[in-house]
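A.B. asks: what follows is a predicted structure for the sequence shown.
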Amino acid sequence: MTVRISPRRKEKLINFMHEEGWTPYNVTRKTATIKEIAQLIGMIQSACEYFHWGLAQLLVLQELLRNAIATGFRRAKQNQRRQQKVADTRRRIPQEWSFRLKFLEERSVALFMWQSMSPISISAAVIRTICIIYDYLKNDLPWEMPIGHIVPRDYAVVSWGDASHHAIGVYIPCLKAWCLVPFSKHLVHRIKVKEEVHINVLEFLALFIAFLMFQTKYDADPSKFPPTPTMLSYGDSKSANSWMRKKSTRSLMGQNALRLFANYMLLSQVSSTTDHVKGIDNVEADDISRVQELFSPKKSHIYDVPFSTLIQQVCQKYNNLKSWEIFLPSPEILSDLSYVLSSDYLTEVPKRRKHFGHFYHVESTFYGSATNVNSSLGSFL
């Protein structure tokens, strides 16, 4: 069973975007009022309630419109002196429009733009983002979610993930599988020296990789799992957990990563949610992501250490992991993850790859007998 958008609501949304000039297929809109923006956001948000891919596109649209409103406010403020607060309650934003603008934290900005009815410039990037949603609906592609991903149920898989300044670690006991993704020298420099990459984004990627591991196992043999199975990923970053649950964040880098994740969630038969675990209870994933501390003496970095040596070091502490499988993300996946670690807004993020990576028996990595093990792992470049 699936929950899908009704034909009536879909047609209403398509007609609204077209007739109000929010697509380039008629007269391209150049400006909008705060009310018109609230109407657009409200209609799309309502349609995306049970469609995570749509929510991710809405997230981008909200950020672009937030910037457009802020720019319009600065321009309007230059033209009109704003020396006293407007006390006339008749000119306050009606509650129904105010609710639809809750993505704006700057309520005073929204209030001023409402009262002045100042035009807000609409960029080509806004129109392009709306067209992504419009074209998807217009082409009659599935806009739905399995009901098994909505109603509470037992989790088919539970994972633990963690990220440090050196690597990402994922630990999934029920699948007898784990993952170690060490960072390149370039990424470590961006994290520790330039402080361009925040740990919350890396923690989110740990949750993302856990999902890819689950999806890969499901694709290999769906009969081993219940229909439309769900996964619970434990992580010790409350921010990253919130991004995955709410499909929302103000971090531009986090938005890029979230949009990439949404492409993999699109019409997937497996679903993932997350919950917080204290760092002291996230033991195995924490140790895997901090493999440099398992050496004696501890290493200051691991980007020049052979992958097989890192795996052996983990297995020295956790001997049972030798009999498990290790997941190696494909070079294409690692390249995409590296790409979204951008401090700027990306107009497009990579589409879903056909192959996410491979599972290998851990002992085969000790001697390099697994085909292209070291080259398959790679690093963030």
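C.D. replies: Here it is on my side, so go on.
A.B. asks: check contacts around Leu310.
C.D. replies: By C-beta atoms under 8 Å, 6 or more residues apart in numbering, Leu310 lies in contact with 180, 182, 291, 302. Using the backbone N, CA and C atoms, a C-beta is placed for each residue, glycine as well.
A.B. asks: tell me which residues are up against stretch 62-79.
C.D. replies: Contacts with stretch 62-79, where a contact means C-beta under 8 Å, 6+ apart, come from 34, 37, 41, 103-104, 106, 109-110, 112-113, 116, 118-123, 125-126, 129, 250, 252, 255, 345.
A.B. asks: what mean pLDDT does that stretch have?
C.D. replies: Taken as a whole, stretch 62-79 has a mean pLDDT of 79.
A.B. asks: now it: buried residues?
C.D. replies: 62-66, 68-69, 72-73, 76 (16 or more other C-beta atoms under 10 Å).
A.B. asks: what is the neighbour count of the residue nearest to Glu325 when sequence neighbours are not counted?
C.D. replies: Using C-beta to C-beta, 6 or more residues apart in numbering and skipping residues adjacent in sequence, the residue nearest Glu325 is Phe359, 4.2 Å away. If you count neighbours by other C-beta atoms under 10 Å, Phe359 ends up with 19.
A.B. asks: phi first, then psi, for Phe359.
C.D. replies: Phi and psi for Phe359, reported as degrees, to the nearest 10, are phi -100, psi 140.
A.B. asks: that one touches Pro329, doesn't it?
C.D. replies: No. Using C-beta atoms under 8 Å, Phe359 makes no contact with Pro329, being 11.0 Å away.
A.B. asks: now do the helices in the stretch 51-200 of the chain.
C.D. replies: 52-79, 95-100, 107-116, 124-138, 185-192, 199-220 (DSSP state H, counting those that start in this stretch).
A.B. asks: and the residue positioned nearest the centre of the chain, what does it touch?
C.D. replies: Centroid-nearest residue in the chain: Leu258, 1.4 Å away (criterion: C-alpha atoms, centre = their mean). The neighbourhood of Leu258, defined by C-beta under 8 Å, 6+ apart, consists of 56, 59, 204, 243-244, 247-249.
A.B. asks: of these, which is the most crowded?
C.D. replies: Note: the member of the contacts of Leu258 with the most neighbours is Phe204, at 29 neighbours, neighbours being other C-beta under 10 Å.
A.B. asks: now that one. Nearest residue, chain neighbours left out?
C.D. replies: Spatial nearest neighbour of Phe204, chain neighbours left out: Ala240 (4.0 Å); criterion: C-beta to C-beta, 6+ apart.
A.B. asks: so what's the backbone phi/psi at that neighbour?
C.D. replies: phi -60, psi -40.
A.B. asks: can you give me the strands in the stretch 151-300 of the chain?
C.D. replies: For the stretch 151-300 of the chain, the strands defined by DSSP state E, counting those that start in this stretch cover 157-163, 167-172, 177-182, 230-235, 271-276.
A.B. asks: nearest approach to Trp324 belongs to which of those?
C.D. replies: Nearest to Trp324, of all the strands of the stretch 151-300 of the chain, is strand 177-182, at 5.9 Å by C-beta to C-beta.
A.B. asks: distance from the chain centre to the closest one, please.
C.D. replies: Between the centre of strand 177-182 and the centre of its chain there are 20 Å (C-alpha atoms, centre = their mean, to the nearest Å).
A.B. asks: one more: stretch 322-337?
C.D. replies: Relative to its parent chain, stretch 322-337 has a centroid offset of 18 Å by C-alpha atoms, centre = their mean.
A.B. asks: mind checking the end-to-end distance for it?
C.D. replies: Terminal residues of stretch 322-337 lie 27 Å apart, using C-alpha to C-alpha, to the nearest Å.
A.B. asks: for the record, mean pLDDT for that stretch?
C.D. replies: 93.
A.B. asks: could you do stretch 37-51 as well?
C.D. replies: Mean predicted lDDT for stretch 37-51 stands at 90.
A.B. asks: sec struct for Val349, please.
C.D. replies: Here Val349 is recorded as coil under DSSP: H, G, I helix; E, B strand; the rest coil.
A.B. asks: care to break this structure down by domain?
C.D. replies: Domains of the chain are assigned by automatic domain parsing as 2-146, 153-377.
A.B. asks: where among the ones you listed is average confidence lowest?
C.D. replies: domain 2-146 (a mean of 81).
A.B. asks: pull up the distance across that domain, start to finish.
C.D. replies: Using C-alpha to C-alpha, one end of domain 2-146 lies 4 Å from the other.
A.B. asks: so that it lines up with my notes, have the first residue be 38 from now on.
C.D. replies: From this message on, residue numbering opens at 38, which makes the last subject domain 39-183.
A.B. asks: how far does it sit from the chain's center?
C.D. replies: On the basis of C-alpha atoms, centre = their mean, domain 39-183 is displaced by 21 Å from the centre of the chain it belongs to.
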